[in-house]
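A.B. asks: need a structure here:
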Amino acid sequence: MPILGEGKGMPVTLTLPRTVVELAKREAEKLGLTLDELFVEIVTRSLDPVDRAKKYVEASKDLLEQAKKELVEGNLRQAAEKLWGAAALAIKAHAYRKEGKRLSSHRELWEYKGRVVEDLGEWVRDAWAHVNNMHTCFYEGWCTREDVETALQQIERLVRGVEARVKNRE
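C.D. replies: From the prediction side, this is the model:
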């Protein structure tokens, strides 16, 4: 199985049998996850909540970098998907670090977002609105470059805020 782009923060390409990829896509869709999120869920399963939160933040930052590259290339839908994934992983990281809790659905992300608002501030509600616009953008393709750029700024702030909380609780 070739692995390409092994540098820190770089996307990695894995060659998997088509049936495995199709199965992974179906499973991710059933769980309301992106493939990136599904993979992170699987490979961090055995970690304790603190270490899992740290890995989620790292993956979230990697997705932000990928979103920036997609944006530069003009691939707005892929940038939007990466931004959604980055934000979802950041919210999940907060839940693991703060409460040792696993969030496994969009509903749980929405509900837990209120705890992040309490911890980081009301601005998280605006960031979350941008996150959900990106989720819609991925599926519908309605967003503009400016929409994605604005969401990127908000989601970067969210990821940085969660990262600070995860690191400060060591």
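
A.B. asks: so where do the strands sit in the protein?
C.D. replies: Applying DSSP state E to the chain gives strands spanning 3-4, 13-14.

A.B. asks: mean pLDDT for those strands: which is lowest?
C.D. replies: With a mean of 37, strand 3-4 has the lowest mean pLDDT of these.

A.B. asks: give me the mean pLDDT for stretch 81-100.
C.D. replies: Stretch 81-100 shows an average pLDDT of 95 in the prediction.

A.B. asks: quick one: buried residues of it?
C.D. replies: The neighbour-count check on stretch 81-100 (16 or more other CB atoms under 10 Å) flags 81-98 as buried. The C-beta positions use only the backbone N, C-alpha and C, and glycine is treated the same way.

A.B. asks: go on, stretch 110-118?
C.D. replies: Under 16+ other CB under 10 Å, the buried positions of stretch 110-118 are 112, 113, 115, 116.

A.B. asks: tell me the spacing between the last one and residue 92.
C.D. replies: In other words, residue 116. In this view, residue 116 and residue 92 are 11 Å apart by CB to CB, to the nearest Å.

A.B. asks: overlap in contacts of the two?
C.D. replies: Residues touching both residue 116 and residue 92 (CB atoms under 8 Å, 6 or more residues apart in numbering): none.

A.B. asks: so what's residue 78 closest to, chain neighbours aside?
C.D. replies: residue 70 (4.3 Å; CB to CB, 6 or more residues apart in numbering).
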